[in-house]
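**Student:** here is a sequence together with a model predicted from it:
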Amino acid sequence: MAAIAAAATAFTTLHLSKTSFILPRRHFGTVITSSLSTTTAEFKITFAPPKPKPQLQKSDSTNPPGIDSGDQLLIPWILRDENGNISLQKMPPQRFLKAMAHESTQKKKKRDDKTPANKAKAAMQYVEPKYSKAARRFYNERFREPPQRLAKVLATAGVASRRSSEELIFQGKVTVNGSVCNTPQTRVDPARDIIYVNGSRLAKKLPPKVYLALNKPKGYICSAGEEETKSVFSLFDDFMKGWDKRNPGIPKPRLFTVGRLDVATTGLIIVTNDGEFANKVSHPSSNLSKEYIATINGAVTKRNLLAISEGTFVEGVKCIPDSVELLPQQPDISRPRLRIVVHEGRNHEVRELVKNAGLQIHALKRIRIGGFRLPSDLALGKHIELTPANMRALGLEELKKSKSK
C-alpha cells in the first residue's frame, strides 16, 4: 500500500520538458520525466521523418561548349557562320539584339483602311450572299415577275407607246440576244435578255411603278401626240427632271393617264406607268364609280333630273347613272350644280346624259374615282403621289390578289 501511495504522489508532480538538442524538420521529440522519491522515469515520443524528395539524375554527357551547367534549364542558340559551320551559343547574336532595339524605337504606323488600295482589296474579298439559294429560288418562283411581251417591256421602259413599240418591232429595229425580233408577243425578261432598240441597249432594270393623282386644269389634253395643244404631261416636267436625283441609275418611267378627260373637263385623273392597273381602273367592267359635279346654264327642273336618271345611249350602249342629285344653291355660285355618279366610264357619258335631258353644261369636274376623292387643297395643275391606302381605294389590292392566283 505504501508503494501505491508513493506512485500516486509521483504522478501528481509529473511535468513535461522539451529536449535540449535540435531535431530535424518535422521530427519532434518529447521527453516525459517524473520526479519520484526513489527513481526518475523518462518517456521519448518521436515521429517518422518525411520521405526524401526524388533527385534528378545528372546526365553523364558533357555540356556543350559555352554553356554552363546548373540547376536552371537553358535553351542554346543555334548559329551558322559564313562557312556553314553550326555552333551553339548561350546569348543571342548581336545582329538580333540590334534589330530588336531598332524595332522598339520605331513608331507603329496606324493602318489606314480608307486608302484606295485597301478598299480594292476589301471589295475583292468574298462576301456571302444575303439570302440562301433556296430562299432566292423560292422568291423567283413565287414573287418574281414572269417574262413579259416585248412590246410591253419597251413601253414600260419608256422607249415609246405600246403601238409605236410594235411598229419598231415590225420594222426590225429591235434585237433580242443578238437576233432581230419581229414578233411583239415574244416573251422576254429584261434582267436576263439583251435587248437593243435602234442600236441602244435597253436597261436591265425597269422603272418602278408610279401612281400619281393630278388635278387637271381646263385646256389640257390627256395625250402627248399633238404638239400644238397643251398636254397634261407637261405638268410633270419638274417631276421628271428630279427623277435622276431621287432614283440614281434607274430609267425614267413613261407616264400615261388612266382613262381620259376631254379638254374642257377638269378634276381628278390618275397618271401611272402600270398598264395593267390602268386597264383595270378605266375599263367599264371594273364597275368603279366616278363622281362628277356639273355646273348647268339655266334652271334645272324635276323633269330634267328624271330624264338624266333614265339614261341614254352612248356608243350604242344604254348608260344609266347610279345617282343624280341637285346640290343646294351656294351664295358665291349663281348657276345650279348637279352631282352625277356613273360607273360605265364611256366616252363623254356625263355630257351625253345632260345633253339628252335638254340641259347645257357650263363646267364639268370629276371629284372621285372609286373610293379615292380629289383632295380639296390640291390646286389646279398640281399632283400628289398616291399612298397605299389610296391605292386600296382604287382597287389595287384586288389587282394584286388576282396576280397571285
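**Tutor:** Perfect, I can see it now. Numbering: from 1, shown residues only.
**Student:** ok, the residue nearest to the spatial centre of the chain to residue 139 distance?
**Tutor:** By CA atoms, centre = their mean, the chain has its centre lying nearest to residue 130, at 10.6 Å. Distance, residue 130 to residue 139, by CB to CB, to the nearest Å: 12 Å. Heads up, the C-betas are built off the backbone N, CA and C, glycines and all.
**Student:** what is the longest strand of the protein by residue count?
**Tutor:** Longest strand in the chain by number of residues (criterion: DSSP state E): strand 360-369.
**Student:** where do the helices sit along the stretch 151-300 of the chain?
**Tutor:** 162-170, 237-241, 243-246, 275-282 (DSSP state H, counting those that start in this stretch).
**Student:** any chance of these in a markdown table with mean neighbour count as columns?
**Tutor:** Formatted as a markdown table, the helices of the stretch 151-300 of the chain follow (neighbours: other CB atoms under 10 Å):
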| stretch | mean neighbour count |
| --- | --- |
| helix 162-170 | 17 |
| helix 237-241 | 11 |
| helix 243-246 | 11 |
| helix 275-282 | 17 |
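**Student:** which one of these has the poorest average confidence?
**Tutor:** Among the helices of the stretch 151-300 of the chain, helix 275-282 has the lowest mean pLDDT, at a mean of 79.
**Student:** contacts for that one?
**Tutor:** 152, 155-156, 162, 209, 211, 256-259, 270, 272, 286, 288, 345, 369-370, 394-396, 399 (CB atoms under 8 Å, 6 or more residues apart in numbering).
**Student:** and stretch 158-174, by the same measure?
**Tutor:** With contact meaning CB under 8 Å, 6+ apart, stretch 158-174 is reached by 150-152, 154-155, 180-184, 195-198, 202, 207, 251-254, 256, 275.
**Student:** CA-only coordinates of it in PDB, if you can.
**Tutor:** Provided in PDB are the C-alpha atoms of stretch 158-174 (Å, rounded to 0.1, in the frame of the first residue of the first chain):
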ATOM      1  CA  GLY A 158     -40.100  54.500-121.800                       C
ATOM      2  CA  VAL A 159     -39.000  53.700-125.400                       C
ATOM      3  CA  ALA A 160     -42.300  54.600-126.900                       C
ATOM      4  CA  SER A 161     -46.000  53.900-126.600                       C
ATOM      5  CA  ARG A 162     -47.400  50.400-127.000                       C
ATOM      6  CA  ARG A 163     -48.400  51.000-130.600                       C
ATOM      7  CA  SER A 164     -45.200  52.800-131.500                       C
ATOM      8  CA  SER A 165     -43.200  49.900-129.900                       C
ATOM      9  CA  GLU A 166     -45.000  47.400-132.000                       C
ATOM     10  CA  GLU A 167     -44.100  49.400-135.100                       C
ATOM     11  CA  LEU A 168     -40.400  49.500-134.100                       C
ATOM     12  CA  ILE A 169     -40.600  45.700-133.800                       C
ATOM     13  CA  PHE A 170     -42.200  45.200-137.200                       C
ATOM     14  CA  GLN A 171     -39.600  47.400-138.800                       C
ATOM     15  CA  GLY A 172     -36.800  45.200-137.500                       C
ATOM     16  CA  LYS A 173     -35.200  47.800-135.200                       C
ATOM     17  CA  VAL A 174     -35.300  45.600-132.100                       C
END
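**Student:** just how off-centre is stretch 279-290 within its chain?
**Tutor:** Its chain's average C-alpha position is 34 Å from that of stretch 279-290, according to CA atoms, centre = their mean, to the nearest Å.
**Student:** quick one: pLDDT of the closest residue to residue 350 other than its chain neighbours?
**Tutor:** Distance criterion CB to CB, 6 or more residues apart in numbering; nearest residue to residue 350, sequence neighbours excluded, is residue 292 at 5.0 Å. With respect to pLDDT, residue 292 scores 95.
**Student:** and residue 292, what are its bridge partners?
**Tutor:** For residue 292, the beta-bridge partners are residue 340, residue 366 (DSSP bridges).
**Student:** quick one: neighbours of it, just the number.
**Tutor:** Using other CB atoms under 10 Å, residue 292 has 24 neighbouring residues.
**Student:** so how far is residue 338 from it?
**Tutor:** Where residue 338 is concerned, residue 292 sits at a distance of 8 Å (CB to CB).
**Student:** how about residue 236?
**Tutor:** Residue 236 is 31 Å from residue 338, by CB to CB.
**Student:** higher neighbour count, these two?
**Tutor:** Between residue 236 and residue 338, counted using other CB under 10 Å, the more crowded position is residue 338 (24 against 17).
**Student:** need the three-state assignment for the more buried one.
**Tutor:** Recorded secondary structure, residue 338: strand (DSSP: H, G, I helix; E, B strand; the rest coil).
**Student:** which ones are touching it?
**Tutor:** Counting by CB under 8 Å, 6+ apart, residue 338 touches 293, 294, 296, 300, 305, 308, 324, 325, 326, 327, 354.
**Student:** and if we set it to 10 Å?
**Tutor:** 292-296, 300, 304-305, 308, 324-327, 350, 353-354, 357, 359, 361, 364 (CB atoms under 10 Å, 6 or more residues apart in numbering).
**Student:** now tell me which helix or strand of the protein has the poorest mean pLDDT.
**Tutor:** Sorting the helices and strands of the chain by mean pLDDT, DSSP states H and E puts strand 15-18 at the bottom, at a mean of 42.
**Student:** low-confidence bits of the stretch 251-400 of the chain, can you list those?
**Tutor:** Applying pLDDT under 70 to the stretch 251-400 of the chain flags residues 284, 395-400.
**Student:** where along the stretch 301-405 of the chain do the strands fall?
**Tutor:** Remark: strands assigned in the stretch 301-405 of the chain by DSSP state E, counting those that start in this stretch are 312-314, 317-319, 323-326, 337-342, 360-369, 372-373, 383-385.
**Student:** that older thread, okay, and the common contacts of residue 292 and residue 338?
**Tutor:** What both residue 292 and residue 338 touch, as defined by CB under 10 Å, 6+ apart, is the set 350, 353, 354, 361, 364.
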